[in-house]
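> here are the coordinates; sequence isn't available:
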């Protein structure tokens, strides 16, 4: 009796598995699958994950893409490249995703595009790197388009755009006409993404120092900081001696809280600074520094400026639905998914990967930070003025957008005035 | 040139004294218990976050929060580390090291889960705002206060070891444990005392450096590495060597900073320590005693 019952259970289980397996491909055909991979213990990847979930939820609520629901597969890389490669393979080969979003450092994006190229012929898909700012992703596409054409990069400024647009146009205008600076001290962080900025890009741009000098500024101090550095007071001593008017910090990952806390009691305490990005651009930075951050400026997308009709709802939904702040990487991830949706709709055919890639190269879609779209030849996203990151200044516990002028909600103030 | 020398000397003196606060507890455990305490870094994290917990979640005053934080530190040092780890694995050194560091990592990650970076943790211990000029160098008053505290705490510890009967017993234990035991030293009580004494400097350190140092759940690791570097260079477990090493590391840091490039500060200290250890095995005060 017990044997026959056991046999019945085994047979029905096997039948159920066979039945499920036979219906699974049909389901797979119907839905559009997105793979998301990131370091899920890092705030930026967590924020990007929430942005991806939000985008998928909104797309599904609006009827999906080409009438098909979108399904998101989330995987944790733990920030480790070998694990990231396994995760990428799992998403593409096992989950059969149509697109992979790599939402962490550029090195992971590079690993992704390389393993993706191996898999592409058998498993056609596209890859988006939505956090790394280094030029390595689009350089792959530039150097071997046929092999890496499935790779796209979305970021606020990739390193070369930093030199050409942010350092070449926006910051000279901000420092010269808004801050009133003539002398600049530059601090870089010792990371791969700052290398082209420190050394220049042959045929594209000289180093940032020369860029500023060509714009009429005097660069009076230049230093590179290591990521494990926590003592900055001695650097402020040198900066104060240089008699600079502004401290230009090409940083995103240094210990910004220690930097700010030591700045406020240093001889450079009245010299304003600008950070390209990082924790100083998040609301809790005021509390973390005990208000010492007053007067500092930073590129931050964490401000309620309606750049498009999508900006404010995005911020509210991120916090309201996922309890996550939209920090760096979240806008780019969210906007990328909507750009991908539009490209798929324009392609109208999910099976022709070359057509999808062509549509991605030509697509333009309203985004949280302006307009999303990718360069047809190099696959980086179309930069400023299409894609905007406001410069904010910390004033009385708030981040006030002060640049560019068309989205500014306040004016830049001297540090001494804000500290009173 | 004179300004440059002034900068190097002043920063060496100030940060060398702060490094003392960071490292002296680690050296103490090395010297008395003969244990390489890889869980030491958690003391800094608990100091910051326990204070924050009592201050904000329990709505207590600063002084009460500090007292409760120190009591909690003592409890963890004795119950968790001494009784829970050191006594259990005293004869299995590799297990002791692994368990200690695992406990440290577990606690850091647990605190990170409780108070992620978005919690905006900040310890309000900026007792001395502003800065003063020492020669041509401008230094934060809080930094000077931290340095002075480092000197005082170290001085008191040394005084205790040199001038009290308890200090004499601990020194005797560090020279020859069995002989000290035969002479009637209550070894267990001295171990408890050493564990208690070892958490005081890092706890005070966090209180003093919080106004110019980043508070985050993973702050313990770089501080542990600083303590390790100083203790190794000084000669494991020797307080005299620890004091010299703290100022030597600071001198290397700030000479590199002012004469070469800021980003090579840590690298230069590591290279110098390595070279020194090759030249003189065991560090500056290589030996078996605490003083």
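All right, it came through fine. Please read these numbers as outputs of a predicted model, since none were measured by experiment. Numbers count the residues shown, from 1 in each chain, chains lettered A, B, ... in the order given.

> Give me the next element, helix or strand, following the longest helix anywhere in chain B.
As far as residue count goes, and with DSSP state H defining each element, the longest helix of chain B is helix B:2-33. Using DSSP states H and E, the next helix or strand after helix B:2-33 towards the C-terminus is helix B:42-52.

> can you give me the offset of that following helix from its chain's centre?
Averaging C-alpha positions (Cα atoms, centre = their mean, to the nearest Å) puts helix B:42-52 13 Å from its chain's average.

> quick check, that helix touching chain A?
No - residues of helix B:42-52 contacting chain A under Cβ under 8 Å from any Cβ of the partner chain: none, with a closest distance of 10.9 Å. C-beta here means a position set from N, CA and C on the backbone, and glycine is covered the same way.

> contacting residues around that helix?
B:25, B:65-66, B:68-69, B:72-73, B:76-77, B:103-104, B:107-108, B:111, B:114-115, B:121-123, B:198-199, B:202-203, B:205-207, B:210, B:215, B:217-220, B:223-224 (Cβ atoms under 8 Å, 6 or more residues apart in numbering or on different chains).

> what about 7 Å?
If you take Cβ atoms under 7 Å, 6 or more residues apart in numbering or on different chains as the criterion, helix B:42-52 is touched by B:25, B:65-66, B:69, B:72-73, B:76, B:103-104, B:107-108, B:111, B:115, B:121, B:123, B:199, B:202-203, B:205-206, B:210, B:215, B:217, B:219-220, B:223.

> and what of stretch A:220-232?
Here stretch A:220-232 makes contact (Cβ under 7 Å, 6+ apart) with A:183-191, A:198, A:209, A:235, A:238-239, A:242-244, A:253-255, A:258-259, A:262, B:15, B:213-214, B:222, B:261-263, B:265-266.

> Give me the buried stretch members for that stretch, please.
For stretch A:220-232, burial by neighbour count (16 or more other Cβ atoms under 10 Å in any protein chain shown) applies to A:220-222, A:224-226, A:229-232.

> Sort out which of the residues you listed are in strands and list them.
The strands, defined by DSSP state E, take in A:220-222, A:224-225 from the buried residues of stretch A:220-232.

> Let's have these in CSV, adding pLDDT.
Listed next are these as CSV, based on pLDDT from 0 to 100:
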residue, pLDDT
A:220, 97
A:221, 96
A:222, 95
A:224, 95
A:225, 94
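
> Dump those residues to CSV, plus distance to residue A:419.
Below are these laid out as CSV (distance: Cβ to Cβ, whole Å):
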residue, distance to residue A:419
A:220, 23
A:221, 23
A:222, 27
A:224, 28
A:225, 24
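
> Can you tell me which of these is nearest residue B:32?
residue A:225 (37.9 Å; Cβ to Cβ).

> For the closest one, which residues count as its bridge partners?
Beta-bridge partners for residue A:225, by DSSP bridges, are residue A:189.

> I'd like the distance from it to residue B:222, if you could.
Residue A:225 is 14 Å from residue B:222, where distance means Cβ to Cβ, to the nearest Å.

> Taking the stretch 1-150 of chain A, what residue is nearest to chain B?
When scored by Cβ to the nearest Cβ, the stretch 1-150 of chain A has residue A:43 as its residue closest to chain B, at 5.9 Å.

> burial count for that residue?
Residues near residue A:43, counting by other Cβ atoms under 10 Å in any protein chain shown, number 19.

> again with residue B:276
Residues near residue B:276, counting by other Cβ under 10 Å: 16.

> Show the contacting residues for it.
residue B:233.

> Could you rerun that using 10 Å?
Listed by Cβ atoms under 10 Å, 6 or more residues apart in numbering or on different chains, the contact set of residue B:276 reads B:232-233, B:245, B:248, B:283-284.

> of the residues you listed, closest to chain A?
Nearest to chain A among those: residue B:248, at 15.8 Å, using Cβ to the nearest Cβ.

> If you count contacts, what does the helix or strand harbouring residue B:254 end up packed against?
Here residue B:254 sits within helix B:239-255, counting by DSSP H and E. With contacts defined as 3 or more Cβ pairs under 10 Å, 6 or more residues apart in numbering or on different chains; DSSP states H and E, the packing partners of helix B:239-255 are helix A:233-242, helix B:2-33, helix B:141-163, helix B:220-234, helix B:265-279.

> who wins for proximity to residue A:313 among the ones you listed?
Ranking the helices and strands packed on helix B:239-255 by their distance to residue A:313 (criterion: Cβ to Cβ) puts helix B:220-234 first, at 39.7 Å.

> And the closest one, what does it pack against?
helix B:2-33, helix B:42-52, helix B:93-114, helix B:187-209, helix B:239-255, helix B:265-279.

> rerun at 7 Å
Applying 3 or more Cβ pairs under 7 Å, 6 or more residues apart in numbering or on different chains; DSSP states H and E, one finds that helix B:220-234 makes contact with helix B:2-33, helix B:42-52, helix B:239-255, helix B:265-279.

> buried sites along the shortest one?
Looking back up the chat, that one is helix B:42-52. Under the neighbour-count criterion of 16+ other Cβ under 10 Å, helix B:42-52 has B:42-52 buried.

> repeat for the first one
With burial defined by 16+ other Cβ under 10 Å, the residues of helix B:2-33 counted as buried are B:7-33.

> what's near enough to touch residue B:121?
Residue B:121 sits next to A:288, B:48-49, B:52, B:115, B:215 when contact means Cβ under 7 Å, 6+ apart.

> and the stretch 151-291 of chain B, which residues reach chain A?
Contact residues, the stretch 151-291 of chain B versus chain A (Cβ under 7 Å from any Cβ of the partner chain): B:211-214, B:222, B:254, B:257-258, B:261-263, B:265-266.
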